[in-house]
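Asks: Quick one, what's the 3D model for this:
(one chain, ligands or ions: 1)
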Amino acid sequence: MKHLIPYLQDDRKAADYLRQLRWPAGVTCPRCGSDAVEPRERCDNGLQRFNCVPCGVRLGQQFAMFTDWTSSIFEESKLRPLEWLLVIGLWQLKLNATAIAAATDIQERTAQRCVNLLDGGLYETYHLDPTRQLEHQVEADECYQSAGSTGLAREVERHEREPRQRGLQLRGRATAEAGRPPLLGLVQRRDKTDQDAPAAQVYLEGLENVRTATIKPIIAAKVKGGAQFFTDAYNLYHFTEANYDHRTVNHGAGEYARRDPDGTCVHCNTMEGIWSGLRNFLDHFKGISQRFLHLRVVRYEFLHNHGHLHWRQAFEAALRCILATTGDYLQRMVHQHRRMPLTLCYR
Ligand SMILES: [Zn+2]
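Replies: The predicted structure follows:
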């Protein structure tokens with residue numbers, strides 16, 4: 001985080017740093033995209049104002065103003081640029097809202113909202129990015145994360161039941177409805193022969209249930225055809241034989257890894273390692289509502305996939321994603337009080 005110190009001197013410096021990340025090639029109008037913009041006086045909180053000349057002409061006005069934060073997820077926020085920069089730095093250090101609130105001297109509720117905005121920004125621009133696909137050697141596995149619907153009286157009412165116990169004591173295949181939402185994990189193994197290869201690339205998706213019909217469209221969208229595809233010997237994945245070189249290890253029979261005659265190592269150990277990393281990460285949050293589970297998970301996904309980079313590079317990559325976000329996804333999520341159904345994401 002040391003590289004942030006020069007920008008944490010005052011609001012102007014923080015705003016300048018964030019602007020540079022949003023518009024590395026020069027400021028353009030968020031409404032029309034024109035670069036015919038002229039800087040005006042700063043706002044009280046240090047944000048730079050700009051006047052867009054083409055928009056002014058189009059609207060028949062003398063000025064058409066926008067600021068550093070117009071049409072970004074920060075637009076509605078009352079936090080100052082310096083506070084935001086500090087919050088984002090601590091957010092990337094995987095702190096929870098309580099710790100961020102204490103470290104930045106803001107209210108815990110505010111910190112929680114900030115964290116949701118940042119995670120939601122990553123979800124919208126990084127997680128849902130249709131161009132991000134896995135290839136070569138891909139492992140798939142599921143895990144179950146206990147998550148309730150804490151604090152959401154409306155949810156409890158809707159199901160006409162008692163507030164549920166977190167489903168730790170349940171047996172069998174868990175579902176979101178039963179309080180243990182399954183997660184599907186896909187990971188592209190790191191190419192160990194290439195020193196400069198990025199970290200193993202992972203894709204984590206929250207599921208309503210573990211059925212072929214649920215996971216098939218996700219795998220089809222995220223894993224390139226022809227890849228080697230490793231799973232345990234679980235009939236859930238049989239459909240992948242059509243498009244992938246599907247190989248299985250039989251965990252039930254005590255087989256965890258083997259080398260096939262063609263030299264391929266068949267195992268899901270990369271994914272197992274990621275699950276334990278994810279559990280560690282989620283433990284920081286001391287109980288997660290189902291509504292927000294996928295937002296925390298996407299932060300882990302992003303940080304894992306950028307783990308080979310220097311802290312500053314990963315930080316700026318995250319910020320570029322967040323600054324490219326309109327907040328559309330989050331708006332919809334907040335208004336519907338639930339996560340967007342997967343069917344909307346994979347059409
Ligand atoms: Zn414009």
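Asks: Could you say which helix or strand holds the residue most central in space within the chain?
Replies: When C-alpha atoms, centre = their mean is applied to the chain, the residue found nearest the centroid is V298 (2.8 Å). Secondary-structure element containing V298, defined by DSSP states H and E: helix 290-305.
Asks: next structured bit after that helix?
Replies: helix 311-323.
Asks: got the buried residues for that following helix?
Replies: 314-319, 321-323 (16 or more other C-beta atoms under 10 Å). Where you see a C-beta, it was placed from the backbone N, CA and C, and this is true even at glycine.
Asks: rewinding a little: so for the helix holding V298, mean pLDDT?
Replies: Across helix 290-305, pLDDT averages out at 91.
Asks: how far out from the middle of the chain is that helix?
Replies: 5 Å (C-alpha atoms, centre = their mean, to the nearest Å).
Asks: swap in stretch 225-245?
Replies: For stretch 225-245, the distance to the chain centre is 26 Å (C-alpha atoms, centre = their mean).
Asks: what about it, start to end distance?
Replies: Stretch 225-245 has an end-to-end distance of 9 Å (criterion: C-alpha to C-alpha, to the nearest Å).
Asks: now L59: how far from the ion?
Replies: According to C-beta to the ion, to the nearest Å, L59 and the ion sit 9 Å apart.
Asks: quick one: that residue from C52, how far?
Replies: Computed as C-beta to C-beta, to the nearest Å, the L59 to C52 distance reads 9 Å.
Asks: Compare those two and say which is more crowded by neighbours.
Replies: The residue with more neighbours, out of L59 and C52, is C52; 26 against 12, by other C-beta atoms under 10 Å.
Asks: Quick check: that one touching Q61?
Replies: No - here C52 does not reach Q61: they are 10.2 Å apart, not a contact under C-beta atoms under 8 Å.
Asks: What does N45 show for phi and psi?
Replies: When quoted as degrees, to the nearest 10, the phi and psi of N45 stand at phi -90, psi 10.
Asks: If I look at the nearest residue to it once chain neighbours are set aside, what pLDDT would I see?
Replies: The shortest distance from N45 to any non-neighbouring residue, by C-beta to C-beta, 6 or more residues apart in numbering, is to R80 (4.8 Å). Looking at R80, its pLDDT stands at 95.
Asks: repeat for V156
Replies: 48.
Asks: give me the residue from the stretch 101-250 of the chain nearest the ion.
Replies: T125 (22.1 Å; C-beta to the ion).
Asks: which ones are touching that residue?
Replies: Counting by C-beta atoms under 8 Å, 6 or more residues apart in numbering, T125 touches 321-322, 324-325.
Asks: The ion: which of the residues you listed is nearest?
Replies: Using C-beta to the ion, the contacts of T125 come closest to the ion at A324, 17.7 Å.
Asks: I'd like to know which residues of this protein are adjacent to the ion.
Replies: Contacts of the chain with the ion, taken as C-beta under 5 Å from the ion, map to 29, 31-32, 34, 52, 55.
Asks: Tell me which two in the residues you listed are the farthest apart.
Replies: Across these, the longest distance by C-beta to C-beta is 8.6 Å; it joins R31 and S34.
Asks: any residues in contact with both of those two?
Replies: 52, 55.
Asks: mind listing the helices for the chain?
Replies: Ranges of helices within the chain are 11-22, 53-59, 81-92, 97-104, 108-122, 153-158, 212-222, 269-283, 290-305, 311-323, 328-336, 342-345, based on DSSP state H.
Asks: In CSV: those helices, plus distance to G206.
Replies: Supplementary listing: the helices of the chain in CSV, determined by distance: least, C-beta to C-beta, whole Å:
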stretch, distance to G206
helix 11-22, 29
helix 53-59, 40
helix 81-92, 20
helix 97-104, 20
helix 108-122, 13
helix 153-158, 16
helix 212-222, 10
helix 269-283, 12
helix 290-305, 4
helix 311-323, 19
helix 328-336, 13
helix 342-345, 8
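Asks: for those helices, which one sits closest to Y203?
Replies: That would be helix 212-222 among the helices of the chain, by C-beta to C-beta, at 5.3 Å.
Asks: for the closest one, packing partners?
Replies: Secondary-structure packing of helix 212-222 (3 or more C-beta pairs under 8 Å, 6 or more residues apart in numbering; DSSP states H and E): strand 182-188, helix 342-345.
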